[in-house]
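Chemist: make a model of this:
(chains A, B, C and D)
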Amino acid sequence: MIRVSVDPAPIEVASELAALEAHGAGAIASFTGIVRGDDGVTCLELEHYPGMTEAALCDIAEQAVARWSLLSAVIVHRIGPMSPGERIVFIGTAAQHRHAALDACSFLIDRLKTDAPFWKREVTDRSPRWVAARADDDQAASRWTRSADRPA
Amino acid sequence: MIRVSVDPAPIEVASELAALEAHGAGAIASFTGIVRGDDGVTCLELEHYPGMTEAALCDIAEQAVARWSLLSAVIVHRIGPMSPGERIVFIGTAAQHRHAALDACSFLIDRLKTDAPFWKREVTDRSPRWVAARADDDQAASRWTRSADRPA
Amino acid sequence: MRVLYFAWVRERIGTGEEEVEPPAGVHTLADLAIWLRDRSAGHAEALADITRLRGAIDQRFVALDAEIGAAREVALFPPVTGG
Amino acid sequence: MRVLYFAWVRERIGTGEEEVEPPAGVHTLADLAIWLRDRSAGHAEALADITRLRGAIDQRFVALDAEIGAAREVALFPPVTGG
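Modeler: Numbering: from 1, shown residues only, chains lettered A, B, ... in the order given. Take a look at the predicted model:
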């Protein structure tokens, strides 16, 4: 089962994990990204491409379910303004075995960084700034590419 | 910060994650192992070596903190009798970056399987049976071995 | 055809969405971006450096040299930074 | 010296802990396991196959050929199965 959510509401980790555990899996892995207050950031704003974002997240979730035989994959991404210390993204996977759950979790967050249309804007004491993309995110995402994953 | 717990009480994932998030990290990873009801298992009993178990878990947690510069590592292992669907182990890591958190989480569960003195006993309709160790657990643990990790 | 803009591309252009009817010579997303530069000073600034842009056609990521074809919705934006 | 047993080793021996005073010829954990076989039928059965046993000396995992030395606590048990 796949669940994808793109929502301005705070992310509730406990209920997401409880839902993942309800699938009867032996192994649950999760990743939570937290807004950091580095460099004087007082607020982070997340913009996204409505419609395309949800489709992109469903696509990578389906890839993960197929590749690691997951019982469930969940991607929850917050949008809009949020404060340091708040959750920006939650990834959860349920599988029969630990390596499937953990590897799929790594895959999902790596791919989300490059394959889903979100943009971060940092608000500080000075003027707001759009966060620049990172080359190492592309490298991290590409490590999951296998010949079978490449489009024909 | 390291937290290790070996306890017959049910594992509370939400409070463990909240404590991990309180360290100001950007990335939180977790792994939860759930008792499976495969092969007619109605109860799982966990035996351990008091004292040595806690020391072994602290040792692997310290290794993970040093290797991935973690802000926090948590290992909670349940002991005694438990039912299918209940949590048997929780691993949580807090780091500045996602790969550190996720890789450390994989390391900790792999090493826990081989380096901590626990023994599982499955109760079924027939006579109870001690679970046999798995060769692939040894292989999984050994993939983390680097020359620097080997004792002098 | 609808063109969407996001992040600093949207900010500099001053709108997130507009309807356009590009002429026959506009085949690719890059062609479109170059053609759009003439619409305003904001467009010119936002779309000045094609190498800083990424795009989507009908809500799928594509390279800037992708043919627009009969697309109903295209988008121009900076590299993504979610997660 | 205290000897601890766990899991099916404990079950077959019938106790989880006993005090023993091995003779001078017992140097290693393997020597100890072989010497302990004579204590009861349960010991003989539990410790029959050294290759199925693992051990610890003073709460550290060691190979069965490790020297016991001046250890205060040793343990014999099956391969671990936690997690």
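Chemist: C-alpha only now, for contacts and for neighbours.
Modeler: Will do.
Chemist: mind listing what's buried along stretch A:42-54?
Modeler: A:Thr42, A:Cys43, A:Leu44, A:Glu45, A:Leu46, A:Glu47, A:His48, A:Tyr49, A:Met52, A:Thr53, A:Glu54 (16 or more other CA atoms under 10 Å in any protein chain shown).
Chemist: for the last one, what are its contacts?
Modeler: Contact analysis of A:Glu54 by CA atoms under 8 Å, 6 or more residues apart in numbering or on different chains lists A:Val4, A:Ser5, A:Val6.
Chemist: burial count for the last one?
Modeler: The reference is to A:Val6. 18 (other CA atoms under 10 Å in any protein chain shown).
Chemist: hang on, the earlier thing: need the max-distance pair from the buried residues of stretch A:42-54.
Modeler: Greatest spacing in those, by CA to CA: A:Thr42 and A:Met52 (28.4 Å).
Chemist: and the strands in chain A?
Modeler: A:2-7, A:27-34, A:43-48, A:72-78, A:80-82, A:87-95, A:118-123, A:129-130 (DSSP state E).
Chemist: so what's residue 29 closest to, chain neighbours aside?
Modeler: You didn't pick a chain, so chain A it is. Distance criterion CA to CA, 6 or more residues apart in numbering or on different chains; nearest residue to A:Ala29, sequence neighbours excluded, is B:Phe31 at 4.4 Å.
Chemist: chain C, not that one
Modeler: With CA to CA, 6+ apart, the residue lying closest to C:Leu29 is C:Leu64, at 5.0 Å.
Chemist: residues contacting that neighbour?
Modeler: Counting by CA under 8 Å, 6+ apart, C:Leu64 touches C:Thr28, C:Leu29, C:Ala30, C:Leu53, C:Arg54, C:Gly55.
Chemist: could you redo the last one with a cut-off of 10 Å?
Modeler: C:Leu64 sits next to C:28-33, C:50-51, C:53-57, C:76 when contact means CA atoms under 10 Å, 6 or more residues apart in numbering or on different chains.
Chemist: again, but for A:Trp144
Modeler: Contacts for A:Trp144 (CA under 10 Å, 6+ apart) come out as A:Asp103, A:Ala104, A:Ser106, A:Phe107, A:Leu108, A:Asp110, A:Arg111.
Chemist: tell me the one of those residues nearest A:Ile91?
Modeler: A:Leu108 (7.2 Å).
Chemist: what's the pLDDT at the closest one?
Modeler: On the pLDDT scale, A:Leu108 is placed at 98.
Chemist: that one contacts A:Ala100, correct?
Modeler: No. Between A:Leu108 and A:Ala100 there is no contact under CA atoms under 10 Å: 11.9 Å.
Chemist: one step back: dump the strands of chain A to CSV, plus distance to B:Gly37 and mean pLDDT.
Modeler: Below are the strands of chain A laid out as CSV (distance: least, CA to CA, whole Å; pLDDT from 0 to 100):
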stretch, distance to B:Gly37, mean pLDDT
strand A:2-7, 23, 98
strand A:27-34, 13, 98
strand A:43-48, 42, 98
strand A:72-78, 18, 98
strand A:80-82, 41, 98
strand A:87-95, 14, 98
strand A:118-123, 40, 97
strand A:129-130, 49, 96
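Chemist: can you tell me the SS state at C:Val80?
Modeler: coil (DSSP: H, G, I helix; E, B strand; the rest coil).
Chemist: is chain C within reach of stretch A:117-131?
Modeler: Yes. Judged by CA under 10 Å from any CA of the partner chain, stretch A:117-131 comes into contact with chain C at A:Pro117, A:Phe118, A:Trp119, A:Lys120, A:Arg121, A:Arg129, A:Trp130, A:Val131.
Chemist: near chain B too, which of the residues you listed?
Modeler: Residues of the residues of stretch A:117-131 next to chain C in contact with chain B (CA under 10 Å from any CA): none.
Chemist: would you write a ChimeraX line that selects the buried entries of those residues?
Modeler: The buried subset of these, as determined by 16+ other CA under 10 Å, is captured in ChimeraX by this line:
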select /A:117,118,119,120,121,130,131
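Chemist: got the contact list for A:Lys113?
Modeler: By CA under 10 Å, 6+ apart, the neighbours of A:Lys113 are A:Ala133, A:Arg134, A:Asp137, A:Asp138, A:Ala140, A:Ala141, C:Val80, C:Thr81, C:Gly82, C:Gly83.
Chemist: which ones are touching the residue of chain A most remote from its centre?
Modeler: The centre of chain A is farthest from one residue, A:Arg126, which by CA atoms, centre = their mean lies 28.7 Å away. Going by CA under 10 Å, 6+ apart, A:Arg126 touches A:Gly40, A:Val41.
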